[in-house]
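K.L.:
this is the structure alone, sequence omitted:
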Ligand SMILES: [Zn+2]
Ligand SMILES: [Zn+2]
């Protein structure tokens, strides 16, 4: 089968590999119908993910059809359509029992797929702990509707949850890329008073204005004035930073009101500095890190119920053999690209 492979820093390549087989009774093999490209894949390519293993198949955001299931898999059967969770978790260890599945202590726990073990920019993928890592897709939901459930939408949902948005709050979301938009969709479910989305990319701001007219979309240069004008208490009640640069990190704490919660979901390529003397007395609460992807069933139910729709994010489509070009497009943010849906096997044509 074809598999997009992390060869070395700066180099991914489409290679021929054997179809994966079940290694453990808890595994499932999924025939990938659609896969997508995530900014985290670019971080691997740039050498910014030290735990990524050269030679692995990349890709951790996909949907497909269960081809085979190990003898102890209970929740899915061959033939089921499923969304694959970016995170592998056991549901049994100390962290899993508390819901912190990102810190699962299983050898495959956490972000393993497409990082430490073979992922899903391929025709088939082996999913360990399949009972936890697969969410069945109802017949009423298409593959494109479900494509982001296991990764960027799980991240947005988690960010909105841990940010503890209260009804009526002013929420600032920094970054109008795919993860920022998923965060926005999930934040809107909490009925905030107003939502501000900030990005330096005019095309992305136009995307927000077109699809979510109830949201204020603003360039970074205009953000301080806007915050001063629309926030009654000197800043946003909740800030969610999904931008991932030094500038966006600084904006996150600067634009928060005293005693606000600042949630950092971005994955930076360099360390960031908190200038504690400058922020003394602001008494901010910071929450940081990688998604705990344990809400995928709830997210799938919200999609099936028409409460979340991420399909406008799919701006481009291609087949697995064209994935190199799709990476170039995604990396350079050409042609207004938000997300690319990559057809990995031909069933995708019919869904
Ligand atoms: Zn990702
Ligand atoms: Zn665990």
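P.N.:
Noted; the coordinates are in hand. Everything numeric here is computed off the predicted structure, so don't read it as measured data. Numbers count the residues shown, from 1 in each chain. Ligands and ions are numbered 1, 2, ... in the order given.
K.L.:
ok, now which ones touch the residue most central in space within the chain?
P.N.:
In the chain, the residue lying closest to the centroid (Cα atoms, centre = their mean) is residue 152, at 1.7 Å. Neighbouring residues of residue 152 by Cβ atoms under 8 Å, 6 or more residues apart in numbering: 38, 61, 178, 179, 182. For every residue, glycine as well, the C-beta is placed using N, CA and C.
K.L.:
by neighbours, which of these wins?
P.N.:
residue 61 (31 neighbours; other Cβ atoms under 10 Å).
K.L.:
quickly note the distance from it to ligand 2.
P.N.:
Using Cβ to the ion, to the nearest Å, residue 61 is found at 21 Å from ligand 2.
K.L.:
likewise for residue 232?
P.N.:
Computed with Cβ to the ion, the distance linking residue 232 and ligand 2 is 43 Å.
K.L.:
and the closest residue to ligand 1 within the chain, what does it touch?
P.N.:
Nearest to ligand 1 in the chain, going by Cβ to the ion, is residue 38, at a distance of 3.1 Å. Residues near residue 38 by Cβ under 8 Å, 6+ apart: 60, 61, 151, 152, 178.
K.L.:
switch the cut-off to 10 Å
P.N.:
Counting by Cβ atoms under 10 Å, 6 or more residues apart in numbering, residue 38 touches 44, 58-61, 86, 114, 148, 151-152, 155, 178-179, 267, 330, 339.
K.L.:
from those residues, pick the one nearest ligand 2.
P.N.:
residue 86 (14.8 Å).
K.L.:
mind checking what secondary structure residue 158 has?
P.N.:
Three-state call for residue 158 (DSSP: H, G, I helix; E, B strand; the rest coil): helix.
K.L.:
was I right about it contacting residue 187?
P.N.:
No. The pair residue 158 / residue 187 is not scored as a contact, 11.7 Å apart, by Cβ atoms under 10 Å.
K.L.:
return the residues of the chain in contact with ligand 2.
P.N.:
Within reach of ligand 2 by Cβ under 5 Å from the ion, the chain has these residues: 89, 90, 93, 96, 104.
K.L.:
just say helix, strand or coil for the fourth one.
P.N.:
Same thing as residue 96. Reduced to three states by three-state DSSP, residue 96 is helix.
K.L.:
rewinding a little: of the residues of the chain next to ligand 2 - the most surrounded one?
P.N.:
Ranking those using other Cβ under 10 Å puts residue 89 first, with 28 neighbours.
K.L.:
what sits against it?
P.N.:
Each residue near residue 89 by Cβ under 10 Å, 6+ apart is listed here: 95-96, 99-106, 108-110, 112, 128-129, 132-133, 292-294.
K.L.:
kindly report the same for residue 129.
P.N.:
The contact partners of residue 129, by Cβ under 10 Å, 6+ apart, come to 24, 26-28, 73, 85, 87-92, 96, 101, 104, 106, 108-109, 112.
K.L.:
how does it look with 8 Å?
P.N.:
Residue 129 sits next to 26, 88, 89, 90, 91, 106, 108 when contact means Cβ under 8 Å, 6+ apart.
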